[in-house]
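Colleague: sequence and predicted model, in that order:
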Amino acid sequence: MIEVSFSKAAVTLAHLKAQLASILELFDPQSRIFYVDYPVHSNIGDLLINLGTEQFFLDHHVPIHRRYSVMDMPQIAASEVDGSTTFLCHGGGNFGDLYPKHQLFRECLLDRFPQARIVFLPQSLHYTSPRAQLSSFEKIAKHQNCHILVRDRESLLTLQSVGISHCSLMPDMAHHLWQTLRPARGAVHRREMHFLRQDAEATCAPSEKLEVFVHHSVDWNRVVSIRNQLLAGGVYWTLKMFGHRLPQHFNTSMWYMARDRMIADSVTFFSDYERIYTNRLHAMLLALLLGRDVTAFDNSYGKLSRYITTWLAAVQPET
């Protein structure tokens, strides 16, 4: 397990937020900009990335022409896109073949708009199939105006090893929420939270904490109120059934209302604890943004240790 101490975090977290400003060098802020593949699901980690990205646009005065999720991307008209268009693709940990819907979305974008500027916001790469990886990289290499931002050195080396040079390191977009996201009011009442992911990237809890994780662990679905889960589910269903027919701005504003309520529930829940044990990257980042200490361990492919080694080594307590 890896200890990440908030008492050492303030300077590092401020630096990581400031470093995100260099993304502005990768595209023309005066071009017609599309923000695409924003998350329409209840994974709070992706929603924090989305919220941080939108805060980044707001703080740096980046004018977004349109926003599209995978549910309404077919509305992107070729007539709106030319060589001066920029696509900013939502970041996260879905670059690879674990979440094919989003990878296919990106590859479709590369294929449909070969002249547009395409920037993949910070991602972690992971493929389970060498064939799928080769196929993806071949499509990326064909596009002459694409830049990929990655969240760890392993991802960067993977791209560089196959000759993809338009790539660079960048911390996660959730860091732009530093000093914007605040703990809920009230004193901390509980010492430890045990936060264990239960999806395709799940791993067993460390042996020394196995019993408490078995009986007392939570995941994102446990920190959002039933009321707001139902709200998000209703909006999701509406967008799935009718989103391709509705105005794009209406889809986005409807979903962002549900997003903000789910994030607020998560902030309230995390604020009640002093330390978080977790194998979710954004449970770790949310805890640090709220001033909590973290004990981290890895997901199925080493995402947390890769990220900590790249960006948070200075936040670990001395041994």
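Modeller: Great, that's in hand.
Colleague: output the contacting helices and strands for the helix or strand hosting H194.
Modeller: Taking DSSP states H and E as the definition, one finds H194 inside strand 190-195. In terms of contacts (3 or more CB pairs under 8 Å, 6 or more residues apart in numbering; DSSP states H and E), strand 190-195 is packed against helix 210-216, strand 273-278. Just so you know, the C-beta spots here come from the backbone N, C-alpha and C atoms, and that holds for glycine as well.
Colleague: out of those, which gets the lowest mean score?
Modeller: For the helices and strands packed on strand 190-195, mean pLDDT drops lowest on helix 210-216, to a mean of 72.
Colleague: now that helix - C-alpha only, CSV.
Modeller: What follows is helix 210-216 as a C-alpha-only set of coordinates in CSV (Å, rounded to 0.1, in the frame of the first residue of the first chain):
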residue,chain,number,x,y,z
LEU,A,210,-9.2,-7.7,4.0
GLU,A,211,-11.7,-8.3,6.8
VAL,A,212,-12.7,-4.6,7.1
PHE,A,213,-13.0,-4.2,3.3
VAL,A,214,-15.2,-7.3,3.1
HIS,A,215,-17.7,-6.0,5.7
HIS,A,216,-17.4,-2.2,5.4
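Colleague: next SSE downstream of it?
Modeller: Following helix 210-216 in sequence order, the next helix or strand is helix 226-242 (DSSP H and E).
Colleague: who's in contact with that following helix?
Modeller: 40-42, 69, 71-72, 221, 224, 246, 251, 254-255, 257-259, 261-262, 265 (CB atoms under 8 Å, 6 or more residues apart in numbering).
Colleague: gap between that helix and the chain center?
Modeller: 21 Å (CA atoms, centre = their mean, to the nearest Å).
Colleague: model confidence over it, on average?
Modeller: 94.
Colleague: repeat that for stretch 252-260.
Modeller: pLDDT averaged over stretch 252-260 gives 96.
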